[in-house]
Each structure stands twice: as structure tokens, then as C-alpha cells.
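Peer 1: got a predicted model here, sequence first, then my questions.
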Amino acid sequence: TLSLTDGTLNITKRVLVVTAENKDIEFGDDMPMLTISYVGFAPGENTSNLDTVPTLSCSYVAGVSTIGKYTISVVGGSGANYQIIAKSGTLTVSKKAVTITANDGSVTYGSAFNTTGHGYTHNGILVGDTVSVTYTTDYSAGAGADKTYTITPHASHPNYVFKFVAGTLTVERKSATVTLSNATVKYGEHASGITASIDGVMTGDALDYAINCDYLAGVSPVGTYPISATLGVNTNYNVTVKNGTLTVEQRQLTVYLSTETENSWSNSVWYNSGLCQGHTATGTLLLTSTDLGRHVYPTNYVWGKEFDIVGTENESVLSNYNVTFNISVTLVKHAFDFSHEDKTVVYDGKRHSVEITDVDASITDYTVEYRVEDGSWQPTAPSFTNAGAHVVEYRIITNTTSILGNITLTILPKELTVTVDNAT
């Protein structure tokens, strides 16, 4: 006999493993999207078949939480057909990778490079975080200009891992100045007083320069001449030249004479030793007055030939001299010297005369006249034939005096011998 007995089908809840997936971020990153993996859904089912979908929770707060591991917890979740087994995940926060790049910098030749306060750029340090950055460099004070050196940054922080990029330190030339002095010389003098003062040069260094001035003593005329400098190679310096000025002033020349003369005067110029080598003073000065006494230039003077100073090429260089005249001529009465001798001849039937024969050779402006028979004065002495003492009156006339005198012509009788012939 077959008997049937009903059985029971028990359907139990399906195990659904809900796992929070692990996540990795860097310090300061925002919370990543948290995800869940499911293992155990019946074929064709998904979270829509759950009564409550589980969620995830993590205590990490961006910008606040430090590096470390944070639990990602599965929260809630239920389903009539599922036994949910929750498995937590881990959020791993690692140090943030940041590149620190030192700013480029410059330093003037001879100066020390101050790393304090030097700047940098970065690509991720969070606002509010303080990172102390220090620097080292392979530069040392005194290293040559126009060269480059490295500025290497250094830093540490618990929340960051750093990559460092060096900056470039450029050594710039130092500013220096060559200041040329002004100078003044008299025409014809050498310009020996030109100097240069140097500013901005490091101790032990010297600038390469040469002083220039196109002035040539004895050749260059009165005026102003720029004083400049030609720069050589000054590797570590930017050199500025401040020009000076050479002023050539007129040379002092005194034309002088102090003399005493009789009746009149004229002379070529007299001058002192102030003339430059190769220069010659020319000119003739005349005194126009015949009055006795002292005559100071320019009163009663005229230039017979104008005063000038000529150079080696016979060119006038007078404008380069400041000429003063210190000339004094004193006219005194001439002590007129003359001599004569009375004359004696023997009667010979011819006419004879007597004249003034020796007059002071230094006096040329004079006349000699003789009194003739009609009482007038004539330049020719009278002549006589007959024997006897003939007194001749004369006068000598100069521009300051008139001298009167007598001179005698004696004509002796000629001896006459009368011989009486003997008679028989």
C-alpha cells in the first residue's frame, strides 16, 4: 500500500556579503567616492531587491585629518530574503606629494646672498599649513659676475613628501663710477692736475680705464676740453664715467720797460719770459710826445707796428695771452755834446770855410746854421779868401735846445820873398 506524506520546503535567507571597498588618497584630498561590493545576490537580483540599501561611513575630513588609515564602515541594509554580512573597508591617507621650486634670484657681485625670506612656489601645500623652507647655494661672496649658481630648497612636514627643484642665482655686475676731476691750466702748461676718483669697487679690485683729453700743451688754444675715460675689460662691473672739463685760461704776459732817454724814444717791444717756447712777440712802440718827464703807457704812445705774438708757423696766438703793458719812458734834456776846432790856413788865393765837425751821434734830429754876411742864418758856413782872423757865428738847433757859439778861421799871410837882383 502506497501512502503519501507531505514534506516541508524550507527557504532560508540568502547570505549577502556587503563589503566596503578600500580607498587610497593623499593628505588633503577630498573624500573619494566610497563604493560597496556585493557578493551573494540571487541570479537576476540586485540592490533593488533589498528593503534597505546599506550605506558607508568614514571619519576622514579633508584638510583636517592627517595621514593614516580610516575605517570605512557599512551602515544599515536589510532584505527579507538576505542575511547581510557587512565587511568594513579602509581609507588610507598617505603623505601628499608636493614639488617645491625655489624662486630664481640675483645678487650683486661682491655681496652675500641672503637666503632668509627667499621665496618658492609649490603645487599643493594646503591653505593654512605652514611649511618651513630653507635654502642652500653653491655661491660664495666674491664669485665672478655673469655666472649662475643653484639655490636648493629644503623642507620637511609630516603630511607631505617633497620633491625639490633648484632655482638659479645670477651674479650681476656691480655698479662702479669713474669721476674725472675738473682742471684749470694756463695756456701752454701741461695738464698734470687731472685725477679720477673711483666709487663702488670692492677692496682689492681695480678698474681698467685710461684718461683721455685732446689738449696738447703749447698747441691747443684757450678754451674748454672734455676729460673722458676709455674703459677696458671690467668683468665684474658696470662702469659709468662722469666726464670732467679742462679749462685752458689765457697766459699772463707783461710787456715791460722802464727807461730814461734824452729828447725822444722808439723801440721794439720788450717782454718777459712768459712766452711759450717757439713764440715770438713783435711790434714797435713809438712815443709821440717830446715833453720832458715820465710818460706811462698808453698816454702819448702809438704802435708803429701793432703788437702781436706769433707761433712756430708764424700764426697769431695773441688771443691765448692776457697781455698787460708796464711801460714807462722818461725824457730828459739832452746834454748835447759837440766839438770843433778853429782852423788856420795860409793864404793861397782860394776861399776857405770852417764848420762844426763832431756832433753827438746819438742825436739825429738837429740842424747847424751859420751867420752869413747879410745877417741871416744859413746851413752853409761862409767862406773867406783874404788873410786875417775871420770869426764865424754858429747855432745848433735840437727839438729841446738851441746852442750858440763862435768858431774862427785864421788865414795867415803867405810869405813873399822879394829878391833884388845885383847890378853892375
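Peer 2: Okay, I see it.
Peer 1: roughly how far does the spatially most central residue of the chain sit from residue 313?
Peer 2: Nearest to the mean C-alpha position of the chain, counting by C-alpha atoms, centre = their mean, stands residue 243 at 1.7 Å. Residue 243 sits 31 Å away from residue 313, going by C-beta to C-beta, to the nearest Å. The way it works is simple: take the backbone N, C-alpha and C, and place the C-beta from them, glycine included.
Peer 1: likewise for residue 356?
Peer 2: 52 Å.
Peer 1: more crowded one of those two?
Peer 2: Shown here are residue 356 and residue 313; by other C-beta atoms under 10 Å, residue 356 has more neighbours (19 against 7).
Peer 1: low-confidence ranges, the stretch 151-300 of the chain, go.
Peer 2: 262-265, 270-273 (pLDDT under 70).
Peer 1: what do you get for the stretch 301-424 of the chain?
Peer 2: Flagging of the stretch 301-424 of the chain using pLDDT under 70 yields the residue ranges 333-339, 358-365, 398-402.
Peer 1: next up, the contacts around residue 72.
Peer 2: 20, 21, 22, 23, 34, 56, 57, 58, 88, 89, 90, 91 (C-beta atoms under 8 Å, 6 or more residues apart in numbering).
Peer 1: turn these into TSV, including neighbour count and distance to residue 239.
Peer 2: What follows is these, written out as TSV (neighbours: other C-beta atoms under 10 Å; distance: C-beta to C-beta, whole Å):
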residue	neighbour count	distance to residue 239
20	25	74
21	14	71
22	13	69
23	21	65
34	18	70
56	21	73
57	13	73
58	19	68
88	14	75
89	21	72
90	14	69
91	22	65
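Peer 1: and the two most separated of the residues you listed?
Peer 2: 22 and 57 (14.9 Å; C-beta to C-beta).
Peer 1: pretty sure residue 276 contacts residue 186?
Peer 2: No - applying C-beta atoms under 8 Å, one finds residue 276 not in contact with residue 186, separated by 9.8 Å.
Peer 1: comparing the two, which residue is more hemmed in?
Peer 2: Ranked by neighbour count (other C-beta under 10 Å), residue 276 and residue 186 place residue 276 first, with 20 against 17.
Peer 1: wait, what's in contact with the more buried one?
Peer 2: 187, 188, 218, 251, 317.
Peer 1: if we go to 6 Å?
Peer 2: 188, 218 (C-beta atoms under 6 Å, 6 or more residues apart in numbering).
Peer 1: roughly how far apart are it and residue 189?
Peer 2: 9 Å.
Peer 1: now do residue 166
Peer 2: Taking C-beta to C-beta, one finds residue 166 at 61 Å from residue 189.
Peer 1: now the end-to-end length of stretch 160-180.
Peer 2: Across stretch 160-180, the terminal residues are separated by 60 Å (C-alpha to C-alpha, to the nearest Å).
Peer 1: mind listing what's buried in that stretch?
Peer 2: Buried residues in stretch 160-180, counted by 16 or more other C-beta atoms under 10 Å: 160, 162, 166, 167, 169, 171, 173, 174, 176, 177, 178, 180.
Peer 1: now the nearest residue to residue 115 once chain neighbours are set aside, what's its secondary structure?
Peer 2: With C-beta to C-beta, 6 or more residues apart in numbering as the criterion, residue 115 has its nearest non-adjacent residue at 4.1 Å, and that residue is residue 135. Remark: residue 135 carries the secondary structure label strand [criterion: DSSP: H, G, I helix; E, B strand; the rest coil].
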